[in-house]
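1. pasting a predicted model and its sequence here:
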Amino acid sequence: MLKFTYLLALAIGLTACSTKKETAASTADTTVVVGTDQEEHGCNRSAGYQWSAVQKRCIRLSDAGIKLAPAKTRAGAAAYLVFASPDEDAQAEIFLPGESAGRLLTRSPGDDAGIWLLDTLTLRQWKGMYMLTGPGETDLYEGSILGEATDATTATHSATAVVALLQGSWQAVDDPKSRFVIKGPVLTTYYEGQQRVTSTFTYVADCGGTACNGKAGTYGCFTTAGEFDIDCQGIVNLSATVLEVTQGSTGKTIRYRRPQ
């Protein structure tokens, strides 16, 4: 009887041990499956996280990044821009669609508008508006720190973004000696480095009732009022580096670029 009891207890013990091993093996298998969803820094990709080199942590781009939409001449998914913090912008990290890691661009010193460079990529910033260009100054992506649309035809509040982009210096493409500077509500023209005319600058989203005589631009218009007359420029193309306007008085299209 004692021998039978001993054998029964041994059998029950072996069964329990086997069950524990199977449970452990099952748990181990589950851990392995979950682990394959993490990249080398431990970021959980299925939850939308990826590694940011500039912030040195796992982030969701939609939460921590500035969304940059494809430029008007392009199509596809958005890119994202990330800085170490709002006060640390020595490096800018660009996450391009289809790439698993960001690219680090270094800020060019001594530039008020903000320029970051990496090989053929150039990131420019002016009053919260960002533009990423590629080889040959090709427009790639653009966006706002506030998430506003950059196209004045798609959102009413984007008028603020258009005015911000217009601020600064613009040099004529066909006559490099000619340029103008918009600073706040003032537009000043220069030729061969000499100041010529200072006018009052006003942006108008709807060109219908202005000196443009209804010749609307894609991005609205801006008027310049001097001592004797008012002229109107219809904005047909605008980015951080390119400006094309149609003069209301002549109908001629003039191209400008940001001075390098």
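-> Received, thanks. Everything numeric in this text was worked out from a predicted model, so none of it was measured.
2. show me where the stretch 101-250 of the chain has strands.
-> Secondary structure of the stretch 101-250 of the chain (DSSP state E, counting those that start in this stretch): strands at 103-107, 115-118, 121-126, 129-133, 139-144, 168-172, 178-183, 186-191, 194-204, 221-225, 230-238, 242-247.
3. let me have the ones you listed in TSV, extended by mean pLDDT and mean neighbour count.
-> All C-beta spots, glycine's among them, are computed from the backbone N, C-alpha and C. As requested, the strands of the stretch 101-250 of the chain are arranged in TSV below (pLDDT from 0 to 100; neighbours: other C-beta atoms under 10 Å):
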stretch	mean pLDDT	mean neighbour count
strand 103-107	93	16
strand 115-118	90	18
strand 121-126	85	20
strand 129-133	85	23
strand 139-144	85	22
strand 168-172	91	18
strand 178-183	92	18
strand 186-191	92	16
strand 194-204	89	15
strand 221-225	84	21
strand 230-238	82	21
strand 242-247	85	20
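4. beta partners for the spatially most central residue of the chain?
-> Residue closest to the average C-alpha location in the chain (C-alpha atoms, centre = their mean): residue 68, at 3.1 Å. Assessed by DSSP bridges, residue 68 has beta-bridge partners residue 79.
5. excluding chain neighbours, what is closest to residue 141?
-> Of all residues not flanking residue 141 in the chain, residue 68 sits nearest, at 3.7 Å (C-beta to C-beta, 6 or more residues apart in numbering).
6. can you verify my assumption that that neighbour contacts residue 76?
-> No - Residue 68 is beyond contact range of residue 76, at 11.5 Å (criterion: C-beta atoms under 8 Å).
7. joint contacts of those two?
-> Common neighbours of residue 68 and residue 76, counting by C-beta atoms under 8 Å, 6 or more residues apart in numbering, are absent.
8. one step back: in CSV, list the strands of the stretch 101-250 of the chain along with distance to residue 88.
-> Conversion of these to CSV gives the following (distance: least, C-beta to C-beta, whole Å):
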stretch, distance to residue 88
strand 103-107, 10
strand 115-118, 13
strand 121-126, 14
strand 129-133, 16
strand 139-144, 20
strand 168-172, 24
strand 178-183, 28
strand 186-191, 33
strand 194-204, 32
strand 221-225, 35
strand 230-238, 29
strand 242-247, 29
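9. which one, of these, ends up nearest to residue 82?
-> Distance to residue 82, taken as C-beta to C-beta, is lowest for strand 103-107 among the strands of the stretch 101-250 of the chain, at 9.9 Å.
10. other SSEs contacting the closest one?
-> Using 3 or more C-beta pairs under 8 Å, 6 or more residues apart in numbering; DSSP states H and E as the contact criterion, the neighbours of strand 103-107 among helices and strands are strand 88-95, strand 115-118, strand 121-126.
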